[in-house]
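> Quick one, what's the 3D model for this:
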Amino acid sequence: MSAVRTTRTVLAAVLVAGLTATALATPALAASAPAESDHAATRAALRAAVDAGVPGALAQARDGRGDWTGTAGERRGNDRFRVGSITKTFVATVLLQLQAEGRLDLDDPVEKWLPGVVRGNGHDGRRITVRQLLNHTSGVYSVTSDPGFQEKIFGPGFLEHRYDRWTPRQLVDIAMTHAPDFAPGTDWNYSNTNYVLAGMVVEKVTGRPYGKAVENRVIKPLKLRATSVPGTDVRMPKPSSPAWSTLSADPDAQVHDVSRLSPTIAYAAGEMISDSHDLQTFYRALLKGRLLPKAEMREMTTTVPVSPELPGTGYGLGLMKQKLSCGKEIWGHGGGIHGSSSEAQATRDGGHSLAMNFNADWTGDSNSVLEAEFCGVTPKR
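Next comes the predicted model:
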């Protein structure tokens, strides 16, 4: 769930990741011819990330020529990793499926499903819809912006509290101690609390843990064998490489192995684990219409602007649209959590996709990998 700085500015970075406030170095970019079949530009971007201090970088791509895998540093091509806010697309997909089945309406007020939960300091679940949770127009304060939560979970306090278990209600209650960011529907701001609430809505509608809905509706039908919703399991499944973090905004601080942690700190906003192959399979299936009816797919891809400074960027329902330097439009999501920074993106027709991961949260530029794969832009040395 961590917030990452890339060439898309700090605001776009919050979209792409979503949790800690760490600044990532950005290699300078130079345009080149479109990537050849050996994905030379993408290979160069992975090497540039390792040169910038990322211990390991991994990317997989799929296009009309077939599948390609590239690694640099300590990463392996089949490594699994924590995907952070990429979880949000899975959760939004489940809620859209439930709407298609007539079990809820995205324009239902949150209060209908979670009575009394969104209250306090100006928050009012009667005025916020489920749709506004999914496209981040609710105005609900993000729990990961709370200074006390940040200190305990993302700062040096993590080493003491890494295995603490949090309930979704505890996370929401922290957010409710703050005022809303704005009145519902009047603006846009990325809030992890929105998807904590979205997961709670799934559980209320289905009567089961939200992770079971994700498993039964997405993971199993698509045979995503490397993808899981860990719940309270602190371990990383194999194969995987260590996840590294400075637990500080200081890039020169001591580096810690943060692979093991309680996924409950993220819940439906960012707890899932996957690999690059599965993430591509998921987004390609989603964009090709295999998971949602046409009406729900139109709703998912109806975006709201995120900033006047980013006219080519919009946020739909758990799905982000962005325009790259070469004019190509890609759809997907990014995600960051302790020691892990990921991207999963594809063209709108699902024909060209990429999923990548850095096993660090203080350096590297994931946007350069996207520019390399989809536009053939290579990092300057």
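
> switch to C-alpha atoms for all contacts and neighbour counts from now on
Fine.

> which residues does residue 322 contact?
The contact partners of residue 322, taken as Cα atoms under 8 Å, 6 or more residues apart in numbering, are 312-314, 329-331.

> Where is pLDDT lowest across those?
Among the contacts of residue 322, residue 312 carries the lowest pLDDT, at 92.

> Would you mind confirming that that one makes contact with residue 320?
No: taking contacts as Cα atoms under 8 Å, residue 312 lies outside contact range of residue 320: 10.5 Å.

> which of those two has more neighbours?
residue 320 (24 against 15; other Cα atoms under 10 Å).

> Put the buried members of the contacts of residue 322 into a ChimeraX selection.
Applying 16 or more other Cα atoms under 10 Å to those leaves a buried subset, and the ChimeraX line that selects it is:
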select :313,314,329,330,331
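
> now, among the contacts of residue 322, which is nearest to residue 280?
Nearest to residue 280 among these is residue 331, at 11.6 Å by Cα to Cα.

> What helix or strand is the nearest residue to the closest one once chain neighbours are set aside located in?
Setting aside the residues directly before and after it, residue 331 is nearest to residue 321 in space (Cα to Cα, 6 or more residues apart in numbering), at 4.6 Å. Using DSSP states H and E, residue 321 maps to strand 320-323.

> now residue 62
Following DSSP H and E, the helix or strand that holds residue 62 is strand 56-63.

> right, and the helix or strand after that strand?
Downstream of strand 56-63 (by DSSP H and E), the next one is strand 66-73.

> just the angle between that following strand and strand 56-63, please?
Interaxial angle of strand 66-73 relative to strand 56-63 (axes from the mean of the first three to the mean of the last three Cα atoms, to 10 degrees): 170 degrees.

> Can you give the distance of strand 66-73 from its chain's centre?
21 Å (Cα atoms, centre = their mean, to the nearest Å).

> Check which helices and strands that strand is in contact with.
On a contact count with 3 or more Cα pairs under 8 Å, 6 or more residues apart in numbering; DSSP states H and E, strand 66-73 meets helix 40-51, strand 56-63.

> correct me, but the residue nearest to residue 331 touches residue 329?
Yes: using Cα under 8 Å, residue 321 makes contact with residue 329 at a distance of 6.9 Å.

> who's in contact with residue 360?
By Cα under 8 Å, 6+ apart, the neighbours of residue 360 are 54-56, 243-245, 338-341.

> from these, which is closest to residue 289?
Using Cα to Cα, residue 341 is the member of these that lies nearest residue 289, at 27.1 Å.

> Would you double-check that that closest one falls in a helix?
No: assessed with DSSP: H, G, I helix; E, B strand; the rest coil, residue 341 is strand; it does not lie in a helix.

> Number of residues surrounding it?
Counted with other Cα under 10 Å, residue 341 comes out at 34.

> In the sheet, which residues pair with it? Tell me.
Judged by DSSP bridges, the bridge partners of residue 341 are residue 336, residue 358.

> can you give me the helices for the protein?
9-16, 40-51, 87-100, 110-113, 130-134, 147-153, 158-161, 168-175, 192-206, 210-214, 276-287, 294-300, 366-375 (DSSP state H).

> for the record, mean pLDDT for the last one?
The reference is to helix 366-375. Mean predicted confidence for helix 366-375 is 96.

> go on, the second one?
Within the predicted structure, the mean pLDDT of helix 40-51 is 96.

> what about stretch 175-194, start to end distance?
Terminal residues of stretch 175-194 lie 10 Å apart, using Cα to Cα, to the nearest Å.
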